[in-house]
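> only geometry, no sequence info:
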């Protein structure tokens with residue numbers, strides 16, 4: 001099995017419960033790590049919308065330090081990957097490679113110099129917003145707000161530092177504005193298609209096409225209300241998103257963005273058929289039976305993400 005997952009929120013639960021990566025309580029767990037030939041999981045430091053300024057800096061540090069503690073423990077089953085080329089080296093040791101990301105640009109606390117600090121911490125991706133407004137832009141809670149002047153400068157600084165800009169959660173106005181000044185490819189780490197499921201967290205088809213044109217990534221999100229309007233979130237719903245993404249030219253863009261444990265934090269669910277890392281990876285078998293080619297599946301579950309981050313570096 002293999003899996004390169006662009007987003008989960010498990011780090012918050014691990015830190016709050018003082019747990020390690022071998023846990024039975026969370027959707028992302030490394031208790032099945034030995035079953036994988038290749039594995040890279042992106043762990044997000046999620047900053048809630050009501051945390052700002054110095055409190056946001058302290059919030060980030062709290063979870064970052066716990067991440068460092070877990071990866072430095074003796075016999076830790078995972079290591080942080082600072083570069084795409086680190087992934088194979090870590091996997092060769094029988095360990096899971098970990099990318100670190102930030103969800104919510106509030107982590108910058110309105111200070112551009114914080115980008116350099118996040119780069120030093122090994123941050124690979126920054127989701128510009130969560131659901132509400134911050135110092136950079138807004139998520140879908142405010143449809144009228146675009147990028148602030150600080151937000152535009154922050155994107156330029158992120159691009160300069162090779163931290164990938166992530167538009168998951170961003171509102172449509174912000175997305176449209178980003179397209180006018182972004183210089184490097186950006187991603188939607190955990191978003192689906194609005195034409196398949198109308199949830200406002202999802203991308204419109206023109207937005208998806210824009211990411212395809214720019215050579216970005218879109219990680220398929222497993223959360224039930226983001227998979228289908230009936231909120232059943234079945235594997236058939238996953239298939240519908242995958243097929244439509246492929247019809248829109250997304251073979252080299254489609255990736256995995258489980259949103260593991262973020263669903264539970266927000267009171268939403270993921271189907272028990274694919275609510276663990278191993279089950280998600282095994283979903284490729286179902287997609288294969290439904291006609292998705294092995295080439296596409298290798299790209300979706302690992303190679304597209306690996307290729308993207310290799311190019312971005």
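Yep, that arrived. The model shown is predicted, which means the values in this text are computed figures rather than measured ones. Numbers count the residues shown, from 1 in each chain.

> roughly how far apart are residue 183 and residue 201?
26 Å (C-beta to C-beta, to the nearest Å). Any C-beta I mention is one placed from the backbone N, CA and C, and that applies to glycine too.

> more neighbours, those two?
For residue 183 versus residue 201, the count of surrounding residues by other C-beta atoms under 10 Å is larger for residue 201: 21 against 9.

> show me what contacts the closest residue to the more buried one other than its chain neighbours?
Excluding the flanking residues, the one nearest residue 201 by C-beta to C-beta, 6 or more residues apart in numbering is residue 226, at 5.5 Å. Residue 226 makes contacts with 191, 192, 197, 199, 201, 202, 233, 259, as judged by C-beta atoms under 8 Å, 6 or more residues apart in numbering.

> in these, find the pair that's most separated.
191 and 233 (14.6 Å; C-beta to C-beta).

> could you say which helix or strand holds the nearest residue to residue 294 once chain neighbours are set aside?
Closest residue to residue 294 apart from its sequence neighbours, by C-beta to C-beta, 6+ apart: residue 288 at 6.6 Å. Following DSSP states H and E, one finds residue 288 within helix 277-289.

> who has more neighbours, residue 191 and residue 233?
Neighbours were tallied for residue 191 and for residue 233 using other C-beta under 10 Å; the higher tally belongs to residue 191 (28 against 25).

> burial measure for the closest residue in space to the more buried one that isn't next to it in sequence, as a count.
In this structure, residue 191 finds its nearest non-sequential neighbour in residue 168, 4.7 Å apart by C-beta to C-beta, 6+ apart. Counted with other C-beta under 10 Å, residues neighbouring residue 168 total 26.

> would you agree residue 168 falls within a helix?
No: judged by DSSP: H, G, I helix; E, B strand; the rest coil, residue 168 forms no part of a helix; its state is coil.

> got the contact list for it?
So residue 168 contacts 7, 127, 188, 189, 190, 191, 201, 219, 221, 257 (C-beta under 8 Å, 6+ apart).

> equivalent analysis for residue 2, please.
36, 37, 38, 39, 281, 301, 302.

> where in the stretch 201-313 of the chain is pLDDT low?
Low-confidence regions of the stretch 201-313 of the chain, defined here as pLDDT under 70, do not occur.

> in three-state terms, label residue 6 for me.
Per three-state DSSP, residue 6 ends up strand.

> isn't it right up against residue 305?
Yes: with contacts counted by C-beta atoms under 8 Å, residue 6 reaches residue 305, the gap being 6.3 Å.

> which one's more surrounded, these two?
Between residue 6 and residue 305, residue 6 has the larger neighbour count (other C-beta under 10 Å), namely 32 against 28.

> do you know how far the more buried one is from residue 218?
Residue 6 sits 9 Å away from residue 218, going by C-beta to C-beta.

> joint contacts of those two?
By the contact definition C-beta under 8 Å, 6+ apart, residue 6 and residue 218 are jointly contacted by 187, 255, 257.

> show me what contacts the last one?
The neighbourhood of residue 257, defined by C-beta under 8 Å, 6+ apart, consists of 5, 6, 7, 168, 188, 189, 190, 191, 218, 219, 220, 221.

> one more: the first one?
When contacts are counted by C-beta under 8 Å, 6+ apart, residue 187 is found next to 6, 125, 164, 165, 166, 167, 211, 216, 217, 218, 219, 308.

> could you rerun that using 10 Å?
Taking C-beta atoms under 10 Å, 6 or more residues apart in numbering as the criterion, residue 187 is in contact with 6-7, 125, 127, 164-168, 211, 214-219, 253, 255, 257, 305, 308-309, 312.

> not counting its neighbours along the chain, what's nearest residue 249?
Distances taken as C-beta to C-beta, 6+ apart put residue 212 closest to residue 249, at 5.1 Å, once the chain neighbours are dropped.

> run me through the strand neighbours of the helix or strand residue 41 falls within, direction for each.
Secondary structure from DSSP H and E places residue 41 in strand 38-46. Applying DSSP bridges, strand 38-46 is found paired with strand 2-8 (parallel), strand 96-103 (parallel).

> the last one: what's the following helix or strand?
As assigned by DSSP H and E, the chain's next helix or strand after strand 96-103 is helix 114-120.

> now do the buried residues in that following helix.
For helix 114-120, burial by neighbour count (16 or more other C-beta atoms under 10 Å) applies to 114, 115, 117, 118, 119.

> mind listing what's buried in the lengthiest helix in the chain?
In the chain, assigned by DSSP state H, the helix with the most residues is helix 53-72. For helix 53-72, a neighbour-count test (16+ other C-beta under 10 Å) marks 56, 57, 59, 60, 63, 64, 66, 67, 70, 71 as buried.
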